[in-house]
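With the sequence up front, the predicted model follows.
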Amino acid sequence: MKVPGLNDGKLTKFFLRPSKVSMEQVTEVDVAFYSATHFHHMLRIEQRRTERSKKPFLVMLLNISGLNTKLNGYVNEKIKPILTSCSRETDIRGWYEHNEVMGVIFTEVASVDESSIESIVQKLRKGISKTLDAEEIKRIKVSIHVFPEETVNSTINDGLFNIALYPDLSKPSLSRQAASSIKKLMDITGSFFALLVFSPILMIIAAAVKLTSEGPVFFKQERMGLNGETFTFLKFRSMYTNSDHNHHKDYIKKLIKEGRDDTNAPGVYKLSNDPRITPLGSFLRKTSIDELPQFINVLKGEMSLVGPRPPIPYEYELYDIWHRRRLLSVKPGITGLWQVTGRSITTFDEMVRLDLKYINEWSLWLDIKLLLQTPWVIITGRGAY
């Protein structure tokens, strides 16, 4: 069975080799060994703790599905004591996937590098070599995963998110899968009919953009979507061509790192009195008409009708650890909880908290309510400029 994280190339993988150690009995210590449900819960807790403390942790997974044996007694007598011998009392042991993958969470490790990881693996290898024979050892696959992901070299975690650290996302419940399928259907049908209904307006705006200033009709920008995958984000161009974006980068840096920039209040992502914006562009932004081309992104499956705002890569580089969760589990959206309840009048941290609130409380009914509330927010211009 393919286990998320063990075969996706986003980890350090080890195939254990027997070492030249005499066979000795490993003494079993009476320590907690959690079920898969509780182990996943503890993994989430450790992630939240790291977001506050900035101290990384390691997750070691042992795939024992290749062992041809009755697992219950075998695991209790041999494998569990081995995991105890190579971990600390404060570490967390349990099933990552019941009867197939065992796991250890090494909490608040002092440093994360290749040598510290190899030290853990050597302890495991020594314990296993004392207990199991060579043929059994060959059937066990071991992998190490680090949170947060960017704290180590890409040979350990290759990519923005290591899915092995988020088992609940890789195996959603049946009800969640069904709701997600309906959401996807809503996105496809909704974006298709929106493009059909607004096609006259789209053509008029496209002609107006072309006639009032030099440059392309669409503004294209690289944005980050689900799990950090990049895509080309579309809007009607509202700025003069060849505008300098360094001012926006500096503003975003101050906004994220230092809090709200009162000299440019109330905008979160948009600068007030921005000289780069054309007269027509100001109107398009005020009415949110510049965002209509994003229905193309939704139709292509890159965005959703409802979801968090897709960040620019240089914004992501400034994110704190807890900010990054807004890129997990849901696609970015044209509208969302912060666009409706806060829009351009919230601080950056408040916006992220609203996005995380949406992710944690997501339901089809919530999407429908936000879609129904969005037109009124646009008409009143609340939070826009």
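That came through, no problem.

Can you list the low-confidence ranges for the chain?
By pLDDT under 70, the low-scoring segments of the chain are 1-31, 68-74, 76, 150-159, 258-273, 342-346, 381-385.

ok, which stretches of it are strands?
Secondary structure of the chain, counting by DSSP state E: strands at 12-15, 57-63, 92-97, 101-106, 141-147, 218-224, 230-236, 304-306, 333-335.

Any figure for the gap between Y358 and Y319?
17 Å (CB to CB, to the nearest Å). In this view, the C-beta of every residue, glycine as well, is placed from N, C-alpha and C.

ignore the last one, M224
Here the criterion is CB to CB. By it, M224 lies 10 Å from Y319.

who's more crowded, the two?
Neighbours per residue, other CB atoms under 10 Å: of M224 and Y319, the larger number sits with M224, 21 against 16.

right, and that one touches R309 too?
No - counting by CB atoms under 8 Å, M224 sits too far from R309 to count as a contact (10.2 Å).

list residues touching both of these two?
Counting by CB atoms under 8 Å, 6 or more residues apart in numbering, the contacts common to M224 and R309 are P332.

Residues that sit against both of M224 and Y319, list them.
Residues touching both M224 and Y319 by CB under 8 Å, 6+ apart: P311.

Let me see the domain layout of the protein.
Domain segmentation of the chain under automatic domain parsing yields 12-170, 174-380.

now the nearest residue to Q294 once chain neighbours are set aside: how far from L280?
Nearest non-adjacent residue to Q294, counting by CB to CB, 6 or more residues apart in numbering: I334, 4.9 Å away. As judged by CB to CB, I334 and L280 stand 21 Å apart.

between the two, who's got more neighbours?
When neighbours are counted by other CB under 10 Å, I334 and L280 differ, and I334 comes out ahead with 25 against 19.

Please give me every residue in contact with that one.
Taking CB under 8 Å, 6+ apart, we find I334 in contact with E291, Q294, F295, V298, M303, S304, L305, V306.

make it 7 Å
Residues near I334 by CB atoms under 7 Å, 6 or more residues apart in numbering: E291, Q294, V298, M303, L305.

what about the closest residue to V298 other than its chain neighbours, distance to S87?
Distance criterion CB to CB, 6+ apart; nearest residue to V298, sequence neighbours excluded, is S191 at 3.9 Å. Separation of S191 from S87 (CB to CB) stands at 49 Å.

for R309, same thing?
From R309 over to S87 the distance is 40 Å, taken as CB to CB.

and R353, how many neighbours?
Using other CB under 10 Å: R353 sits among 18 other residues.

one step back: switch the contacts of I334 over to a markdown table, and while doing so, append neighbour count and distance to W365 to every line.
Shown next, in a markdown table, are the contacts of I334 (neighbours: other CB atoms under 10 Å; distance: CB to CB, whole Å):
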| residue | neighbour count | distance to W365 |
| --- | --- | --- |
| E291 | 19 | 24 |
| Q294 | 23 | 23 |
| V298 | 25 | 20 |
| M303 | 26 | 20 |
| L305 | 25 | 14 |
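
Closest one of those residues to L195?
L195 has its nearest neighbour among the contacts of I334 in V298, at 9.2 Å by CB to CB.

Looks like that closest one contacts L305 (just checking).
Yes - between V298 and L305 there is a contact under CB atoms under 7 Å: 5.9 Å.

Can you pull the residues that touch both of these two?
Both V298 and L305 are in contact with D187, S191, I334, where contact means CB under 7 Å, 6+ apart.

Quick check: chain neighbours aside, which residue is closest to G333?
Excluding the flanking residues, the one nearest G333 by CB to CB, 6+ apart is G307, at 2.9 Å.

next one: P293
L234 (4.0 Å).

and that neighbour, what does it touch?
F218, K220, P293, Q294, I296, N297.

which residues does the spatially most central residue of the chain contact?
Nearest to the geometric centre of the chain sits L328, at 2.8 Å (CA atoms, centre = their mean). L328 sits next to F161, Y166, L169, N227 when contact means CB under 7 Å, 6+ apart.

E214 and R237, how far apart?
For E214, the distance to R237 equals 10 Å [CB to CB].

Look at the two and report which has more neighbours.
Per other CB under 10 Å, whichever of E214 and R237 has more neighbours is R237, with 23 against 8.

Got phi/psi on that one?
For R237, the backbone dihedrals (degrees, to the nearest 10) come out as phi -70, psi 130.

That one contacts F219, doesn't it?
Yes - the pair R237 and F219 passes the contact test of CB under 7 Å, sitting 4.3 Å apart.

could I get stretch 307-319 in PDB with only the CA atoms?
Extracted in PDB, the C-alpha atoms of stretch 307-319 (Å, rounded to 0.1, in the frame of the first residue of the first chain):
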ATOM      1  CA  GLY A 307     -11.400  30.500  -0.300                       C
ATOM      2  CA  PRO A 308      -8.300  32.400   1.100                       C
ATOM      3  CA  ARG A 309      -6.600  35.000  -1.000                       C
ATOM      4  CA  PRO A 310      -3.700  33.600  -3.100                       C
ATOM      5  CA  PRO A 311      -0.400  35.200  -2.000                       C
ATOM      6  CA  ILE A 312       2.500  36.400  -4.100                       C
ATOM      7  CA  PRO A 313       5.600  34.300  -3.600                       C
ATOM      8  CA  TYR A 314       7.500  37.200  -2.100                       C
ATOM      9  CA  GLU A 315       4.800  37.600   0.500                       C
ATOM     10  CA  TYR A 316       5.100  33.900   1.400                       C
ATOM     11  CA  GLU A 317       8.900  34.400   2.100                       C
ATOM     12  CA  LEU A 318       7.900  36.800   4.900                       C
ATOM     13  CA  TYR A 319       5.300  34.500   6.500                       C
END
